[in-house]
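Visitor: Sequence and predicted model, in that order:
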Amino acid sequence: MTALAAEVHAALRARGATLAVAESLTGGLLAAELVDVPGASATFRGSVTAYATDLKASVLGVDEGLLAVHGPVHPVVARQMAEGARRLLRADYALATTGVAGPDPQDGQPVGAVHVALAGPSGTLAASPRLSGDRATIRRSAVTAALELLLGHLACPAASR
């Protein structure tokens, strides 16, 4: 996965852009993957690990009503987490992860329900890959999904800084 993170950093450097992350389900794995790449400080601004639901609202600005109705595992929650991290950490782009890694379902959501989001200058988008495996596999797969979401966006000629 470090190769994927290195590709992300190279694409960000080519654009003169920066990245921040907001994590729940991945609990810091996404940030760790990004900082494992030498020279990461040129593009990586920082991260917020908002594992507790109330922190998603108080730190990242996720709508409390949304959390009350849908819980923390929802694509709009992921989008708002990414937007909050981008704003809070003053980055060009931000990624967010939320979901259920298991071993048990959470808030009516099955194990493997995952949402990743990307906020950037041209807006915010989310993806909801359905992941399987044990807890560690789901968390690592969510990191890969988030990095691929950003890399795919940055590879698009229409993606702007």
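Guide: Here it is on my side, so go on.
Visitor: going forward, measure contacts between C-alpha atoms and count neighbours the same way
Guide: Noted.
Visitor: For the most centrally placed residue in the chain, give me its contacts.
Guide: A centroid search over the chain (Cα atoms, centre = their mean) returns residue 96, at 2.1 Å, as the residue closest to the centre. Residue 96 makes contacts with 21, 22, 23, 24, 78, 79, 81, 82, 116, 117, 118, 146, as judged by Cα atoms under 8 Å, 6 or more residues apart in numbering.
Visitor: For the last one, grab the count of nearby residues.
Guide: This points to residue 146. Neighbourhood size, residue 146 [other Cα atoms under 10 Å]: 25.
Visitor: Now that it has come up, it's in contact with residue 119, right?
Guide: No: with contact defined as Cα atoms under 8 Å, residue 146 does not reach residue 119; the gap is 11.4 Å.
Visitor: anything in contact with each of these two?
Guide: Residues touching both residue 146 and residue 119 (Cα under 8 Å, 6+ apart): residue 95.
Visitor: Distance from stretch 46-59 to the middle of the chain?
Guide: Centre-to-centre, stretch 46-59 and its host chain are 12 Å apart (Cα atoms, centre = their mean, to the nearest Å).
Visitor: Which of the three states applies to residue 20?
Guide: Here residue 20 is strand, with the state taken from DSSP: H, G, I helix; E, B strand; the rest coil.
Visitor: which residues sit in contact with it?
Guide: 44, 45, 46, 47, 85, 86, 89, 90, 91, 93, 94, 95.
Visitor: which one is it nearest to, not counting chain neighbours?
Guide: Ranked by Cα to Cα, 6 or more residues apart in numbering and with sequence neighbours excluded, the top spatial neighbour of residue 20 is residue 94, at 4.6 Å.
Visitor: how close does that neighbour get to residue 67?
Guide: Distance, residue 94 to residue 67, using Cα to Cα, to the nearest Å: 20 Å.
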